[in-house]
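S.K.: mind looking at a prediction? Sequence and model below.
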Amino acid sequence: MNTENNIFYPESHSDGNSIYNSIIVLGTTASGKTSIAVQLALAFGGEIISADSRQTYIGLDIGSGKDLAEYETGGVKIPYHLIDVADLRTREYNVFNYQQDFYKAFTGILKRKKVPVIAGGTGMYLDSVIRNYDFVEVPENPSLRAELESKTLDELGTILLELKPNLHNKSDLLIRERVIRAIEIARCMKNPAADIRKNMTERPDIRPLILGIKLERTVLREHIALRLKERLEAGMVEEVENLHKSGCSWEKLERLGLEYKFCSLYIKGVIASREELFEQLNIAIRQFAKRQETWFRRMERSGVEINWLPPFEDKQKRIDAALKKAAKYFAAENAF
């Protein structure tokens, strides 16, 4: 066992290659990432960090596929993180929030001498921690906003162009809220970087073994359709309706995309029937899966090594392949 600053690093079982200290399980929607991550965590003494942008929100259960029952296997409850950490009614969680919370969770898991197992398909969230996106948090400035409140849109545009004379996206000048926010950010960025970053969480040493889950196209489409049918039968439409009644605006729900967007449109009568809802949403999820695949290919072109597992149709075979790959680098805590 290696330790550094009270942080635990699992020993490598390899022949001198760099030591991994974590595992990432990525793949498209409906590829079975969670079940594989749970078995990896069980076998190698891990805790799971979710990398799903919608599972961060409280109450988005059926539509986001939290499936929390999956985190208990063989009578063992696998600890999980970054699920149910934000309230959509009061806070829109973003990739910066995720990165900062991820760093804290990751460091905590290592300190407990456990293996972080990251599972999800939100490409930007995964990429932000794998390749260390350099974000800066810019809080709202109430005094500046009060000062700008009396300005016309043209006056605001002039102020922004003085701060950013090389502004490329001129469309931001057409929306008052965006102009004010852009001024806020531009003013803040004039401060010394140390002042801006002083409250940010330091990035831990992240060296993941990245396992990619891939299914044949026809099999993935079958999984998507079956899962959608199950979610609709489980009350996904009612979940969205209750979220709206609890204070989530239609605009916020629709911005979440996919299940929450299409169910909102169905409830509002824009989509005429449940049959039409199923058909439109099924197509949209397939298209989303293709975009996820494109993102993962872009990560590979950027130098991220993804170990794609064989596309077995049988779930247990996919789990066994993941366990076999991880066993080269991590000591087993439980027999498998």
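M.R.: In hand now; what should we look at?
S.K.: and what about Val117, helix, strand or coil?
M.R.: Following DSSP: H, G, I helix; E, B strand; the rest coil, Val117 is assigned to strand.
S.K.: I'd say Ser50 and Thr122 touch.
M.R.: No. Using C-beta atoms under 8 Å as the test, Ser50 is too far from Thr122 to be in contact (9.0 Å). (Each C-beta comes from the backbone N, C-alpha and C, glycine too.)
S.K.: the more surrounded of these two?
M.R.: Using other C-beta atoms under 10 Å as the criterion, Ser50 and Thr122 rank with Ser50 on top: 27 against 20.
S.K.: what's near enough to touch the more buried one?
M.R.: 56, 80-83, 118-120 (C-beta atoms under 8 Å, 6 or more residues apart in numbering).
S.K.: and what of Thr34?
M.R.: Listed by C-beta under 8 Å, 6+ apart, the contact partners of Thr34 are 65, 67, 70-71, 119.
S.K.: I'd like the residues you listed laid out as a markdown table, including distance to Ile19 and neighbour count.
M.R.: Shown next, in a markdown table, are the contacts of Thr34 (distance: C-beta to C-beta, whole Å; neighbours: other C-beta atoms under 10 Å):
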| residue | distance to Ile19 | neighbour count |
| --- | --- | --- |
| Gly65 | 33 | 20 |
| Asp67 | 32 | 14 |
| Glu70 | 29 | 15 |
| Tyr71 | 27 | 18 |
| Ala119 | 21 | 26 |
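S.K.: which pair in those residues spans the largest distance?
M.R.: Farthest-apart pair in the contacts of Thr34 is Gly65 and Tyr71; separation 12.7 Å (C-beta to C-beta).
S.K.: which residues in the stretch 101-250 of the chain form strands?
M.R.: Using DSSP state E, counting those that start in this stretch, the strands of the stretch 101-250 of the chain run over residues 115-120, 208-213.
S.K.: which strands and helices sit next to the host helix or strand of Ile283?
M.R.: Element membership for Ile283, per DSSP states H and E: helix 274-301. Where contact means 3 or more C-beta pairs under 8 Å, 6 or more residues apart in numbering; DSSP states H and E, helix 274-301 is packed against helix 123-130, helix 217-233, helix 258-267.
S.K.: tell me the most buried of these?
M.R.: helix 258-267 (a mean of 22; mean count of other C-beta atoms under 10 Å).
S.K.: what's it packed up against?
M.R.: Helix 258-267 sits against helix 236-245, helix 250-255, helix 274-301, with contacts defined as 3+ C-beta pairs under 8 Å, 6+ apart.
S.K.: list of residues touching that helix?
M.R.: So helix 258-267 is in contact with 54, 60, 62-64, 231, 236-237, 239-241, 243-244, 250, 253-255, 271, 274, 276-277, 280-281, 284-285, 288, going by C-beta under 8 Å, 6+ apart.
S.K.: buried among those? Make that a PyMOL selection.
M.R.: Applying 16 or more other C-beta atoms under 10 Å to the contacts of helix 258-267, the buried members can be selected in PyMOL as follows:
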select buried, resi 54+60+62+63+64+231+236+237+239+240+241+243+244+253+271+277+281+284+285+288
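S.K.: domain-wise, how is the chain divided?
M.R.: Residue ranges for the domains of the chain, per automatic domain parsing: 2-135+200-326, 142-197.
S.K.: nearest to Glu333, out of these?
M.R.: Comparing these by their distance to Glu333 (C-beta to C-beta), the top pick is domain 2-135+200-326, with 3.6 Å.
S.K.: report the distance from that closest one to the chain centre.
M.R.: Centre-to-centre, domain 2-135+200-326 and its host chain are 6 Å apart (C-alpha atoms, centre = their mean, to the nearest Å).
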